[in-house]
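J.: Quick one: sequence and predicted model below, then my questions.
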Amino acid sequence: PVPAHHGPLHDGRTSGSTGQPVHYHASAFTQRLIDHNYFSDHARQGRNPMALRAVIDGRLDTHEGEHVPELPGPGQGMGPLLRRRDAQFSMAEHADWLMRHRPRYLATTPGWLETLMDAAEQQGLALPRIDQVMPYGSTVTPWLREAVRARLGARIADRYSCQECGPLAFQCPVSDGHLHVAVTNVRLEVVDAAGRACAEGEPGRVLVTALHQYATPLIRYEVGDIAALHAQCPGCGEAIPTLSRLLGRRRFLIRLPDGQLINFRVIDRKSTRLNSSHTDISR
């Protein structure tokens, strides 16, 4: 039984991006610690937590009007928050909405953001200047970082997480290629196919142990991702465990003839609305 002082439990479910959908439980205590991990990242990345932020999200149900205003919270920030369903509007409508509201920060998936960048180029859509983009849900490519800098004037501040555990790592404030492990939330390991610890900087399977998850304990839980682990950050020199070469889900990788693993997505330019930001080619 979860201790009474941990508060009420809530159920959660994943979409099954690892290959198997998961049903889990979390307490109010666990969620509070997860929220404060995200809030700490606002200070680390130099964000104003009171500024307007927009979330364009595929998990949101169809809604009335252009967006759904939500109460602020530590995870997203304490300022005004506007949430909007991605597939409910065309890319031109999304671009117009962003131009009118001009949020300082934008949170969405890399797949949707790639589609917006592509649509802006193909259709000549005007986009506002944004301070930072906070992606979630899949791998950020170097192409996307450059496109976001060029078209939005924004820096991508990546966040690596899983629904069952919360934040796993946050992007280094000075290096695009490195993510600092959320050591107050998880213990993270990288192992080879036999379960042995990989050498520093060598890609392998990511295992996480949740430090505060009592309702559904996660101990050396394999999240299905490939990454490399360093004892300290090669980007800024901070003495904190750091990830690099985060390739994402093994199911969404292909191996080239030279042995290199890459992650890729397919964009459908014929569709006027976003039907899917990912294409699963593992079959």
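T.: Arrived safely, thanks for sending.

J.: these two touch, right, residue 120 and residue 114?
T.: No - at 10.8 Å, residue 120 and residue 114 do not qualify as touching, with contact defined as Cβ atoms under 8 Å. All C-beta atoms are positioned from the backbone trio N, CA, C, and that covers glycine.

J.: tally of neighbours for residue 243?
T.: Residues lying near residue 243 (other Cβ atoms under 10 Å) number 25.

J.: distance of it from residue 186?
T.: Look at residue 243 and residue 186: by Cβ to Cβ, to the nearest Å, they are 11 Å apart.

J.: same check, this time on residue 165
T.: On the measure of Cβ to Cβ, residue 165 and residue 186 end up 6 Å apart.

J.: any residues in contact with both of these two?
T.: 208, 210 (Cβ atoms under 8 Å, 6 or more residues apart in numbering).

J.: check contacts around the residue nearest in space to the middle of the chain.
T.: Taking Cα atoms, centre = their mean, the centroid of the chain lies closest to residue 136, which sits 1.8 Å from it. Contacts for residue 136 (Cβ under 8 Å, 6+ apart) come out as 107-109, 159, 161.

J.: which one of these is nearest residue 2?
T.: Nearest to residue 2 among the contacts of residue 136 is residue 161, at 21.8 Å by Cβ to Cβ.

J.: Number of residues surrounding the spatially closest residue to the closest one that is not a sequence neighbour?
T.: For residue 161, ignoring the flanking residues on the chain, the nearest one in space by Cβ to Cβ, 6 or more residues apart in numbering is residue 167 at 4.8 Å. Neighbourhood size, residue 167 [other Cβ under 10 Å]: 23.

J.: now residue 3
T.: Neighbour tally, residue 3, other Cβ under 10 Å: 9.

J.: mind checking how far it is from residue 27?
T.: From residue 3 to residue 27 the distance is 8 Å (Cβ to Cβ).

J.: which stretches of the stretch 51-200 of the chain aren't confidently modelled?
T.: The stretch 51-200 of the chain contains no residues with pLDDT under 70.

J.: go again using 90 as the cut-off
T.: In the prediction, the stretch 51-200 of the chain carries residues with pLDDT under 90 at positions 58-59, 71-78, 111, 136-143, 162-163.

J.: what about the longest strand along the chain, average pLDDT?
T.: The longest strand of the chain (DSSP state E) is strand 221-230. Mean pLDDT, strand 221-230: 92.

J.: roughly how far is that strand from the heart of the chain?
T.: Taking the mean of its C-alpha atoms, strand 221-230 sits 15 Å from the chain's own mean (Cα atoms, centre = their mean, to the nearest Å).

J.: Partner strands of it and their direction?
T.: strand 204-210 (antiparallel), strand 242-249 (antiparallel) (DSSP bridges).

J.: Those into TSV, with extra columns for mean pLDDT and distance to residue 42?
T.: Output for the strands paired with strand 221-230, formatted as TSV (pLDDT from 0 to 100; distance: least, Cβ to Cβ, whole Å):
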stretch	mean pLDDT	distance to residue 42
strand 204-210	95	22
strand 242-249	83	20
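
J.: okay if I get those strands as a markdown table plus distance to residue 220?
T.: Converted to a markdown table, these look like this (distance: least, Cβ to Cβ, whole Å):
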| stretch | distance to residue 220 |
| --- | --- |
| strand 204-210 | 5 |
| strand 242-249 | 17 |
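
J.: To residue 151, which of those strands lies closest?
T.: strand 242-249 (23.1 Å).
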